[in-house]
Structure formats: C-alpha cells, structure tokens
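1. generate coordinates for the sequence data below:
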Amino acid sequence: MEIKNKKDVLFITDFETLSPTLDVNADLIKQLAINFENLYIINTGNLLFPKSEKIDKNFDEIKKSSDYFFINPKNFDEFSRFLKNKKTIVVSNFGRSFNSIKINFFLKRKKIKIYQVSNTGFYNVEIKYDFKKNILIIIKHFFTVKLFKKIAVILSNLGIFPKNEVRFLSNKHIYNEIFNHPIKKKLYENKLLFSKKIVLINSKAYDLYKKNLYDISEDYIVHLDKEFDWPELVAFRGKYDKKKLEKHYFYLNNFLAKLSKDFNKKVVICIHPGYDLKKFQNYFPNYEVIQFRTREYIYKSFLVTIIDSSAIVDAILLKKKALGLISNYMDVNEINYSLSNIKRYGLAYFNVEKDFTKSKKIILNEVEKKIITYNDYISNYHCLDKNSSGYEKIIKTLKDSTA
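-> Below is the predicted model of the structure:
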C-alpha cells in the first residue's frame with residue numbers, strides 16, 4: 001500500500017471550465033489524491049482580477065462523484081482562514097497573466113511552494129494579431145497576457161511574485177532553447193527564470209499509451225474538430241463570422257462524406273470536453289458527435305482528420321494514418337494554429353474545398369508516407385524518459401521536496 005505524504009495538495013484552477021480541466025488532468029489528480037493526505041481543488045474565480053463567479057454547469061454532479069474536496073473561497077481572507085494550520089503545496093493551473101496578479105501576490109506572501117505540470121506533449125502556438133480587427137482589444141490583450149507573462153518573471157525576481165519550484169515539462173525544444181542559449185542558460189542556473197528547476201518527463205498521452213488500456217482497430221474515420229469561438233480568440237476579435245462558418249462546415253462535411261464513401265468507413269466527430277455539444281451536433285447533422293471518449297475512438301480509427309486538436313497526439317503515438325484539414329474560410333489564427341501544428345506533427349494536409357477531388361489513392365499515399373516522420377515528434381514531445389512514467393517522476397519529486 002502506498003504511504004501517503006502528510007502534506008495537502010492544492011490544485012488551483014478555474015471552476016468555470018472544471019469539467020474539461022478534470023478530464024484533461026484526470027491521471028494527475030488521481031495520483032495526487034492517492035499519494036498525499038488530502039487533495040483540494042481550489043477555485044480561482046473570486047481570486048482573479050477582475051473576479052469571475054461563473055461555475056461549471058456540471059459542478060454539483062462532479063462534486064458528488066469525487067473523492068477529493070472542492071473549495072470556493074469568496075475572497076483572500078476566507079482562503080487564508082482555510083489555509084491556517086495546514087501544510088500545503090500548490091499545483092498551479094492558473095497561469096501568470098494579469099488577471100492572476102492577486103493570486104500570485106497572495107501565494108508569495110504565504111510562502112507556499114508551487115509546482116507546474118506541463119505534460120501535454122504539444123507546443124502552444126502564439127496568437128497572431130489581426131490589426132484589421134479592434135485595435136484597442138488587441139492592445140489590451142498584448143499588455144495583459146503576452147507582455148505581462150514577461151513582467152511576471154521580473155516580479156518573481158524582485159520577490160513580489162512566487163516562482164515555480166519545479167516545472168514538469170514534456171517538451172524537449174523548450175528545454176533545449178534554454179540550455180543551448182548562453183543567456184537563458186545563465187538565467188536558469190541562477191534561478192532567474194519563472195521556474196527554478198525544469199524536469200523533463202514523458203507526456204500523459206505516452207504514459208497512457210504504454211499502459212495498453214484500449215483495444216486497437218481500424219473501424220472509423222475520426223474527425224477532431226475545433227471551436228472557432230474559443231474564449232481567448234473571441235476576447236480580441238469578437239464572434240466568428242457566421243457566413244464564413246457556414247461555408248467552412250459545408251465544405252468540411254462534404255469532404256468527410258467523400259472520405260467515408262472512398263474508404264467505406266463510418267465517420268465520428270470527437271470534440272474537446274469544454275466544447276458545446278449541441279453546437280457541434282448542429283455543425284455535423286449527419287454524424288455522431290462524441291465527447292469525453294476521444295482517445296478511445298482514436299485507438300479504433302482507420303484515419304484521423306484534424307482541424308486543430310491536441311488529441312491528435314494519440315494518433316501519432318499509435319502511428320495511425322492522419323490528415324490535417326484547412327479551408328478558405330478559416331481566419332488568421334485558425335490557419336496559423338492549424339498549419340503550425342500540422343507541420344510540427346508531421347502530417348499531410350488538404351484543403352477541404354480545393355482538394356475535394358483528390359483520389360482515394362492520392363490521399364492514402366500522402367498520409368502513409370508521413371507516418372515515418374512521427375518519430376521526431378514523439379522523441380521531442382512524448383517519450384523523454386524510457387525508464388519511468390511521467391507521473392512517477394512528478395510524485396517522487398513532490399514527495400522528496402516536502403520531506
């Protein structure tokens with residue numbers, strides 16, 4: 001039986017998106033609950049600047065079915081009273097943009113050790129600013145998000161913000177950027193970056209892949225779709241143009257229907273846990289839209305198509321046939337995200353309108369010749385330590401640091 005560490009763990013996150021957060025971090029949260037005295041999920045809502053009182057619509061159901069505790073402090077005084085006489089460490093899921101400024105001030109004052117887990121196995125693509133849009137919103141986003149992340153590093157060096165004790169990372173490129181750059185390397189060695197220490201670990205997708213939890217087959221064409229009205233994008237460009245969206249999904253549905261006919265496979269649509277299911281059911285009226293079972297269906301796929309989704313990593317690990325899709329009706333950032341990730345993953349890609357007439361033979365040839373290129377992505381973003389799982393290293397490091 002695993003001996004629990006006597007400290008409590010605070011997983012600090014936003015309750016507005018609790019369902020997808022718990023789904024994405026399910027294995028991490030399970031391991032923290034097993035190995036530490038108590039696991040508390042703390043809501044950032046009332047601790048943000050400005051405050052947010054939004055709560056996930058499934059909160060009551062989540063709370064009933066969970067073995068750990070959910071804490072929603074109304075203010076910092078209440079949070080401080082909760083912490084009294086507790087020995088705690090923090091696993092951060094709140095970032096360092098301007099709206100988290102108060103949380104960072106508070107945690108620094110409380111001298112609580114903070115850890116960050118970045119084991120997703122993909123690389124976030126920078127937002128491109130379209131200056132044809134609202135310039136004031138773009139300026140606000142630049143200062144409160146992009147620039148403030150750099151300011152947060154300075155504040156951490158001045159002793160105003162806390163630093164991460166350890167950042168667990170599944171990204172060899174970020175690691176190499178630091179150690180191959182003389183200035184960044186010197187900053188890291190002197191603990192002048194936001195994280196005092198970086199530990200390379202296997203991605204969570206790779207750890208699950210090694211467990212062989214799902215049967216592998218070739219039953220479906222699985223399409224991984226994208227939310228064009230994701231809050232971060234809406235924040236500085238507004239809602240997506242409805243007519244462009246209609247045209248995009250018209251050609252996308254036609255392309256998927258062609259693939260289904262060509263390969264005699266049923267198409268299923270898999271979406272992120274945080275997306276609105278009914279909205280995507282309207283986008284894809286002829287197909288089943290599935291949530292919370294994406295990995296299972298990728299394991300059963302003959303071909304995986306993608307607009308933009310980190311879930312594609314499972315297909316890459318399994319060396320599945322995969323195809324990136326774009327359309328003429330995607331905006332600047334949709335094109336940027338999709339093409340940047342498609343190229344990084346090493347996928348073939350087609351335009352759903354322009355390449356509609358491509359033959360079955362051409363499509364198969366394009367996707368199959370790309371499979372060998374997956375190895376580079378796997379070695380740089382997923383399999384970073386063949387000797388131990390990512391979660392083993394996380395738990396060991398947390399326990400050693402609290403001994």
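
2. center of the protein, which residue is that?
-> The chain has T120 as the residue nearest its centroid, 5.9 Å off, counting by CA atoms, centre = their mean.

3. what's the neighbour count on the residue nearest to it when sequence neighbours are not counted?
-> Of all residues not flanking T120 in the chain, S310 sits nearest, at 6.0 Å (CB to CB, 6 or more residues apart in numbering). For glycine as for every other residue, the C-beta is placed from the backbone atoms N, C-alpha and C. Neighbourhood size, S310 [other CB atoms under 10 Å]: 17.

4. surely S310 and N124 touch.
-> No: the criterion here is CB atoms under 8 Å, and S310 misses it with N124 at 9.4 Å.

5. sorry, back to before: isn't the residue nearest to the centre of the chain right up against A311?
-> No: using CB under 8 Å, T120 is not in contact with A311, being 10.4 Å away.

6. and E78, that one's in a helix?
-> Yes: per DSSP: H, G, I helix; E, B strand; the rest coil, E78 lies within a helix segment.

7. model confidence for it, exactly?
-> If you check E78, the pLDDT there is 97.

8. could you pull out the helices for the stretch 301-403 of the chain?
-> Here the stretch 301-403 of the chain has its helices, by DSSP state H, counting those that start in this stretch, at 312-317, 332-345, 360-370, 374-381, 390-401.

9. list the helices and strands the shortest one packs on?
-> Read it as helix 312-317. In terms of contacts (3 or more CB pairs under 8 Å, 6 or more residues apart in numbering; DSSP states H and E), helix 312-317 is packed against helix 204-211, helix 294-299, strand 301-306, strand 321-326, helix 332-345, helix 374-381.

10. and for that helix, what are the contacting residues?
-> 121-122, 203, 205-206, 208-209, 222, 224, 294-295, 298-299, 301, 304, 306, 322, 341, 345-347, 374, 377-378, 381-382 (CB atoms under 8 Å, 6 or more residues apart in numbering).

11. so where's the stretch 51-200 of the chain shaky on pLDDT?
-> 122-123 (pLDDT under 70).

12. can you check the stretch 201-350 of the chain too?
-> Scanning the stretch 201-350 of the chain for pLDDT under 70 picks out the ranges 236.

13. contact partners for E366?
-> 323, 348, 350.

14. my guess is the last one contacts I362. True?
-> No: applying CB under 8 Å as the test, F350 and I362 come out as separate, 9.3 Å apart.

15. neighbour-wise, which of the two wins?
-> Shown here are F350 and I362; by other CB under 10 Å, F350 has more neighbours (19 against 13).

16. name whatever forms a beta bridge with the more buried one.
-> L325 (DSSP bridges).

17. show the contacting residues for it.
-> With contacts defined as CB under 8 Å, 6+ apart, F350 is in contact with 255, 323-326, 358, 363, 366.

18. 10 Å - rerun?
-> Residues near F350 by CB atoms under 10 Å, 6 or more residues apart in numbering: 255, 305, 323-326, 356, 358, 362-363, 366-367.

19. mind giving me the PyMOL select for these, buried ones only?
-> Per 16 or more other CB atoms under 10 Å, the buried members of the contacts of F350 correspond to this PyMOL selection:
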select buried, resi 255+305+323+324+325+326+358+363+366+367
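
20. dump the contacts of F350 into TSV; add distance to I394 as well.
-> Formatted as TSV, the contacts of F350 follow (distance: CB to CB, whole Å):
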residue	distance to I394
F255	41
T305	33
L323	34
G324	31
L325	35
I326	36
F356	46
K358	44
I362	44
I363	40
E366	38
V367	35
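
21. nearest to I174, out of the contacts of F350: which one, please.
-> Among those, G324 lies closest to I174 (CB to CB), at 23.0 Å.

22. which elements pack onto the host helix or strand of I154?
-> Element membership of I154 [criterion: DSSP states H and E] is helix 148-157. Helices and strands touching helix 148-157, by 3 or more CB pairs under 10 Å, 6 or more residues apart in numbering; DSSP states H and E, are helix 101-110.

23. which helix or strand lies directly C-terminal to the helix it packs on?
-> Following helix 101-110 in sequence, per DSSP H and E, is strand 113-118.

24. in contact with the residue nearest to the centre of the chain, which residues?
-> 24-25, 169-171, 203-205, 310, 313, 381.

25. buried subset of those residues as a ChimeraX selection?
-> Those of the contacts of T120 that count as buried under 16+ other CB under 10 Å are selected in ChimeraX with:
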select :24,25,169,170,171,203,204,205,310,313,381
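
26. can you list the contacts of T120 in CSV and add distance to N75?
-> Formatted as CSV, these follow (distance: CB to CB, whole Å):
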residue, distance to N75
V24, 28
N25, 26
L169, 33
S170, 36
N171, 36
S203, 37
K204, 34
A205, 38
S310, 34
V313, 39
Y381, 40
